[in-house]
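> give me the fold of what follows.
(2 chains)
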Amino acid sequence: EPEVTQTPSHQVTQMGQEVILRCVPISNHLYFYWYRQILGQKVEFLVSFYNNEISEKSEIFDDQFSVERPDGSNFTLKIRSTKLEDSAMYFCASRRRLAGGPYEQYFGPGTRLTVT
Amino acid sequence: GQQLNQSPQSMFIQEGEDVSMNCTSSSIFNTWLWYKQDPGEGPVLLIALYKAGELTSNGRLTAQFGITRKDSFLNISASIPSDVGIYFCAGQSLANAGGTSYGKLTFGQGTILTVHP
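This next block holds a predicted model:
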């Protein structure tokens, strides 16, 4: 069964460094998402991406964040200058595009980002 | 922004018991999704609901989309030890003014389920 994959599974970085989190969505999916989950809290929406552009973003997704689909399979989240409060699990998700739905989103296993 | 209230926050039950959890919102959603998350892993989709009043089953799991579009519940019957985990509801908003829904999910706070053998 196709699944969303993410690399790395765990990333440790120093405050102020840039990190790139990578995702390979399910191959016939056209909508892509990033969410994050701070330890012990709920999952929060960051950004959605469709047709090679950001379609929606949350207040969390400020100028330090960017997303890119550099080729036909990868979807990346970049944090330019990490802060301590960026420490969280980051999940990539994807869904198919069907007129009128369904709108099922499938999540990857996550990347645990630790900023020291 | 939209907020989902999920309850209960945690449940401790005996194997074989039935479980019920629910989510309520002050806003309307056009899709409700229920996910299960094991420690250190990503949310796994359990059930998706698309119509108000819809009742859907997936094995021992049953979920309903409330008539008002502002609530949903999930029932697990005859619980087993592998049901342990965190269960999240997630609502998907109505289409924006342009008529396109990009699919942003708003999650509840989660229900931590512990099953004692």
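> excluding covalently adjacent residues, which one is nearest to A:Gln17?
Spatial nearest neighbour of A:Gln17, chain neighbours left out: A:Thr82 (5.7 Å); criterion: Cβ to Cβ, 6 or more residues apart in numbering or on different chains. Any C-beta I mention is one placed from the backbone N, CA and C, and that applies to glycine too.
> what score does the one you found have for pLDDT?
As predicted, A:Thr82 sits at a pLDDT of 97.
> who's in contact with A:Val115?
By Cβ atoms under 8 Å, 6 or more residues apart in numbering or on different chains, the contact list for A:Val115 reads A:Thr13, A:Gln14, A:Met15, A:Thr82, A:Lys83, A:Leu84, A:Glu85, A:Asp86, A:Ser87.
> and B:Glu41, by the same measure?
Residues counted as contacts of B:Glu41 (Cβ under 8 Å, 6+ apart) are A:Pro109, A:Gly110.
> same check on the one 4 residues further on?
With Cβ under 8 Å, 6+ apart as the criterion, the residues that contact B:Leu45 are A:Glu104, A:Gln105, A:Tyr106, A:Phe107, B:Leu33, B:Trp34, B:Tyr35.
> weed out the non-buried ones from those residues.
A:Glu104, A:Gln105, A:Tyr106, A:Phe107, B:Leu33, B:Trp34, B:Tyr35 (16 or more other Cβ atoms under 10 Å in any protein chain shown).
> quick check, nearest of the residues you listed to B:Thr24?
Closest approach between those and B:Thr24, by Cβ to Cβ: B:Trp34, at 14.2 Å.
> how about whichever helix or strand that closest one is part of as PDB, C-alpha atoms only?
For B:Trp34, the host element (DSSP states H and E) is strand B:31-37. In PDB, the C-alpha atoms belonging to strand B:31-37 read as follows (Å, rounded to 0.1, in the frame of the first residue of the first chain):
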ATOM      1  CA  THR B  31     -15.600  16.600   6.700                       C
ATOM      2  CA  TRP B  32     -14.700  14.800   9.900                       C
ATOM      3  CA  LEU B  33     -11.800  12.500  10.100                       C
ATOM      4  CA  TRP B  34     -10.700  10.300  13.000                       C
ATOM      5  CA  TYR B  35      -7.000   9.300  13.400                       C
ATOM      6  CA  LYS B  36      -5.000   7.100  15.800                       C
ATOM      7  CA  GLN B  37      -1.500   8.000  16.800                       C
END
